[in-house]
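Novice: Sequence and predicted structure, then a few things I'm wondering about:
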Amino acid sequence: MMQSDPIGFFLALSFALGAFLGGGWWCLRRRSQARHLLDTPTSKIRSAAQGYVELYGVLEALPDMQIRGPLTGKPCVWWRFRIEEYRSSGKKRNWRVIESGASDAWLRLADGTGQCLIDPRGAEIRAAVREVWEGSQRHPLGPAKTGLLSFLGGGQRYRYSEERFHVGQPLYAIGDFRTLGASQQGFDRHAAQGEVIREWKGDYAGLLRRFDSDGNGELDEQEWNRVRLAAQLEAEDRHRHKAAEPAWHQMGKPAERQPFILSNSGEDELARHFYWQAAAGAVLCVAGAVATAWLLGVQHW
């Protein structure tokens with residue numbers, strides 16, 4: 001049979017190898033992600049170290065941000081949607097995705113010690129709120145088709161799904177954490193002094209007016225010493241003003257292959273879910289290996 005249908009054999013072998021390799025990859029990936037979640041301690045925003053951290057807090061609204069779900073119109077702080085169209089051709093019936101999208105608006109997480117802005121782009125997001133329903137129009141917020149208009153539209157079926165984050169919901173976040181602001185930066189007096197001097201040299205005439213005490217149009221060594229001292233004092237004064245400004249924290253996708261996850265569920269529930277997915281991947285991997293061995297054995301025979 002295999003020799004009389006080489007195309008069918010190679011298709012079957014491709015599916016078996018795909019299941020073997022894909023299942024193995026998925027198993028290892030989900031196990032690794034579960035271990036990352038369980039091995040990373042939860043930090044407080046105010047005292048979190050720079051780098052890969054885990055936070056847990058409550059979602060807050062950003063000022064002047066009015067976000068609504070594109071399919072329901074309900075207020076939220078993040079959304080993701082999908083619109084599917086029902087296709088029927090002979091015996092083949094399936095739902096086909098015709099439109100999808102996700103919000104890229106930043107989120108704000110608060111944990112009682114501080115606030116952290118989160119860029120959700122590139123994150124694996126698991127929202128507790130998910131609505132799924134069906135309708136007869138491509139977009140549920142558009143004008144409804146009724147009577148003759150519905151008939152002329154072909155009676156098409158659509159399925160909609162929308163996921164959302166809302167203000168006040170708990171949020172688990174694990175990703176790359178950075179604190180920005182001059183108060184978090186070390187002060188290099190020599191470099192700061194040099195930056196001020198280069199800035200003053202841009203207006204050399206003004207520099208001469210300030211420090212050319214003998215009026216000869218040049219700065220001698222003593223006058224340059226005065227310039228350096230004044231620049232040092234100016235640099236220190238600027239640093240003090242910047243250091244008084246509040247620092248702000250943000251989280252985004254890690255540069256390395258570490259999980260970046262935002263979820264309304266805690267780490268224990270997420271880890272259990274990932275372990276179950278890893279087990280499913282292992283089963284698929286074993287099934288693919290058995291099928292591959294069987295197909296190669298039959299072909300050899």
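Specialist: Sure, I can see it. Numbering: from 1, shown residues only.

Novice: Secondary structure class of Ala289, three-state.
Specialist: Assigned by DSSP: H, G, I helix; E, B strand; the rest coil, the conformation of Ala289 is helix.

Novice: neighbours around it, how many?
Specialist: 17 (other Cβ atoms under 10 Å). C-betas here are computed from N, CA, C, even on glycine.

Novice: If I look at it, what pLDDT would I see?
Specialist: At Ala289, the model reports a pLDDT of 75.

Novice: Please tell me how far it sits from Gly18.
Specialist: Remark: distance between Ala289 and Gly18 (Cβ to Cβ, to the nearest Å) = 12 Å.

Novice: cool, and Leu117?
Specialist: 40 Å.

Novice: Equivalent analysis for Leu107, please.
Specialist: 36 Å.

Novice: the more surrounded of the two?
Specialist: Per other Cβ under 10 Å, whichever of Leu107 and Gly18 has more neighbours is Leu107, with 23 against 13.

Novice: Show the contacting residues for that one.
Specialist: Leu107 sits next to Leu59, Leu62, Val77, Trp78, Leu117, Ile118, Pro120, Phe165, Leu171, Leu262 when contact means Cβ atoms under 8 Å, 6 or more residues apart in numbering.

Novice: do the same with Ser43
Specialist: Here Ser43 is in contact with Ala49, Val53, Glu54, Leu55, Phe177 (Cβ under 8 Å, 6+ apart).

Novice: With secondary structure, distance to Thr40 and pLDDT as new columns, can the contacts of Leu107 be given to me in TSV?
Specialist: Output for the contacts of Leu107, formatted as TSV (DSSP: H, G, I helix; E, B strand; the rest coil; distance: Cβ to Cβ, whole Å; pLDDT from 0 to 100):
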residue	secondary structure	distance to Thr40	pLDDT
Leu59	strand	20	95
Leu62	coil	26	90
Val77	coil	24	94
Trp78	strand	23	95
Leu117	strand	20	95
Ile118	strand	16	95
Pro120	coil	19	94
Phe165	strand	22	96
Leu171	strand	16	94
Leu262	strand	14	94
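
Novice: Which of these sits closest to Ser136?
Specialist: Using Cβ to Cβ, Trp78 comes nearest to Ser136 of the contacts of Leu107, at 28.2 Å.

Novice: Was I right to think the closest one contacts Val167?
Specialist: No - here Trp78 lies out of contact with Val167, judged by Cβ atoms under 8 Å, at a distance of 10.5 Å.

Novice: Looking at those two, which is more packed in?
Specialist: Using other Cβ under 10 Å as the criterion, Trp78 and Val167 rank with Trp78 on top: 25 against 13.

Novice: Which strands and helices lie in contact with the strand or helix carrying Arg35?
Specialist: Secondary-structure assignment from DSSP states H and E places Arg35 in helix 6-39. The contact analysis (3 or more Cβ pairs under 8 Å, 6 or more residues apart in numbering; DSSP states H and E) places helix 6-39 against helix 267-300.

Novice: Of the contacts of Ser43, which count as buried by neighbour count?
Specialist: Val53, Glu54, Leu55, Phe177 (16 or more other Cβ atoms under 10 Å).
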